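Engineer: Sharing a sequence plus its predicted fold:
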Amino acid sequence: MTISSEEIRYIANLARLQVSPEEAESLGRDLNGILAHFERLKNLDLSGIDPFAREDLETTPWRQDIVQTWDGREEALSQAPRRDGDFFRVPRILEENDE
């Protein structure tokens with residue numbers, strides 16, 4: 001399965017991204033490489049492997065679940081282009097349905 005430049009531009013349009021023809025070509029090469037890798041993975045024989053067997057679970061480092069305060073709220077909000085009190089203001093992207 002390969003992704004064409006037209007499909008790349010269509011996906012970019014859905015994501016509201018502007019993609020130049022050169023970028024679409026580069027993205028197409030990257031995505032097609034990823035898809036080719038998944039095709040190779042699909043062809044692996046995994047019949048003798050337990051999908052739930054994990055050897056690394058016992059080495060997971062655990063930390064204490066301690067509540068910590070964060071004093072960076074005002075700094076983060078001060079960098080917002082638009083702000084409404086303690087919230088970021090963002091443009092509306094969804095239209096309301098009249099149904």
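Structural biologist: Yep, that arrived.
Engineer: And the residue most central in space within the chain, how close does it get to Ile8?
Structural biologist: Geometric centre of the chain, nearest residue: Ala15, 11.8 Å, by C-alpha atoms, centre = their mean. According to C-beta to C-beta, to the nearest Å, Ala15 and Ile8 sit 11 Å apart. No exception for glycine: its C-beta is placed from N, CA and C like everyone else's.
Engineer: coming back round to it: so what does the residue nearest to the centre of the chain look like in phi/psi?
Structural biologist: Per-residue torsions, Ala15: phi -90, psi 0 (degrees, to the nearest 10).
Engineer: what does Leu31 give?
Structural biologist: According to degrees, to the nearest 10, Leu31 has phi -60, psi -40.
Engineer: The residue nearest to it when sequence neighbours are not counted: neighbour count?
Structural biologist: Counting by C-beta to C-beta, 6 or more residues apart in numbering, Ile3 is the residue found nearest to Leu31 once chain neighbours are left out, at 5.1 Å. If you count neighbours by other C-beta atoms under 10 Å, Ile3 ends up with 18.
Engineer: Do I have it right that Ile3 meets Asp30?
Structural biologist: No: assessed by C-beta atoms under 8 Å, Ile3 is found out of contact with Asp30, at 9.7 Å.
Engineer: Show me what counts as buried in stretch 9-24.
Structural biologist: For stretch 9-24, burial by neighbour count (16 or more other C-beta atoms under 10 Å) applies to Arg9, Ala12, Val19, Ala24.
Engineer: Then stretch 72-83?
Structural biologist: Across stretch 72-83, burial judged by 16+ other C-beta under 10 Å covers no residue at all.
Engineer: Quote the end-to-end distance of it.
Structural biologist: Distance between the boundary residues of stretch 72-83 (C-alpha to C-alpha, to the nearest Å) amounts to 15 Å.
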